[in-house]
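Engineer: Give me the fold of what follows.
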Amino acid sequence: MTKRALIIGVCLAIWVNLWPVFSSMLVRSARADFAHLSVAFLIPFIVILAINPLFGIRRLSPKELVVITCLGMVAANLQGEWLSGYFLGIISAPTYFANPTNRWAELILPELPTWSIVRDPYAARVFYEGLPPDTAIPWDAWFAPLASWGAFFLAILLFNFALSVIVRKQWVDHERLSFPVATVLTELAGVSEKGSLRDYSRSGLFWLGFTTIVLVFCWNFLNV
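Structural biologist: Residues are numbered from 1 along each chain as shown. Just a heads-up that it's a prediction; the model follows:
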């Protein structure tokens, strides 16, 4: 792993988290993360592959491209509507929607662990309704639930990583599973012997499929 591959990969990881939020929640346009292969990752990755040969002997090597791919794909799979939308809504909704009619403050909130939700009514309200001008974000109310659930999510990720290490030999060496998404990315990066982006760009079938998908995405993006 080289320093420049790490820097580019981290920048790509940040980008794949910002673009879907801006596109779906602010612009109200097509989501860029709703796929096994995130569009928010794929488009800048294709741009990197396209301009990489222009740098001559200083161009990124296939191994560096694989590092960038791994960082970008992990970040793309960890973000999305479920985390930025559903999760934050779930830990703030019980406090925000509690009222005398539904009696959540009496029946539900006492049964929930203090660390599991945002308890401060003001913090929950400004999350849904917006902060007043020149007002700081009430991070204190969010620290406990975010830290607690973050530790839980981290444990799940470590478990999945350990499980993938255990089953890798069986799946890759013995069963020889193809992993189509990973195969495409390694081929584009030039690691696979089957081809690279330059090889695919010479195929009319590739450009037919690529153009069709790009036109559909552009139409959805512009049709706000």
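
Engineer: Buried by neighbour count: which residues of the lengthiest helix in the chain qualify?
Structural biologist: The longest helix of the chain (DSSP state H) is helix 139-168. By neighbour count on 16 or more other Cβ atoms under 10 Å, the buried set for helix 139-168 is 141, 142, 144, 145, 146, 148, 149. Glycine gets a C-beta too; all of them are placed from N, C-alpha and C.

Engineer: Check what pLDDT the first one gets.
Structural biologist: Predicted confidence (pLDDT) at residue 141: the value is 92.

Engineer: Any regions of this structure where pLDDT drops low?
Structural biologist: Within the chain, the stretches with pLDDT under 70 are 24-25, 27-35, 79-85, 192-200, 220-224.

Engineer: and the residue nearest the centre of it, which of the three is it?
Structural biologist: Nearest to the mean C-alpha position of the chain, by Cα atoms, centre = their mean, lies residue 76 at 2.5 Å. With DSSP: H, G, I helix; E, B strand; the rest coil as the basis, residue 76 sits in helix.

Engineer: ok, back up a step: show me what the longest helix of the chain is packed against.
Structural biologist: Packing partners of helix 139-168 (3 or more Cβ pairs under 8 Å, 6 or more residues apart in numbering; DSSP states H and E): helix 121-129.

Engineer: Do a quick rundown of the helices in this structure.
Structural biologist: Using DSSP H, the helices of the chain run over residues 3-21, 39-51, 62-78, 81, 88-96, 104-107, 121-129, 139-168, 180-189, 197-200, 204-222.

Engineer: what's the third one packed up against?
Structural biologist: Okay, so that is helix 62-78. For helix 62-78, the contact count by 3+ Cβ pairs under 8 Å, 6+ apart identifies helix 3-21, helix 39-51, helix 180-189 as packing neighbours.

Engineer: and if we set it to 6 Å?
Structural biologist: Packing partners of helix 62-78 (3 or more Cβ pairs under 6 Å, 6 or more residues apart in numbering; DSSP states H and E): helix 3-21, helix 180-189.

Engineer: Over to the first one?
Structural biologist: For helix 3-21, the contact count by 3+ Cβ pairs under 6 Å, 6+ apart identifies helix 39-51, helix 62-78 as packing neighbours.

Engineer: Could you check how far it is from the centre of its chain?
Structural biologist: 10 Å (Cα atoms, centre = their mean, to the nearest Å).

Engineer: cool, and the longest one?
Structural biologist: Here helix 139-168 shows a centroid-to-chain-centroid distance of 15 Å under the convention Cα atoms, centre = their mean.

Engineer: cool, and stretch 45-56?
Structural biologist: Counting by Cα atoms, centre = their mean, stretch 45-56 is centred 23 Å from the centre of its parent chain.
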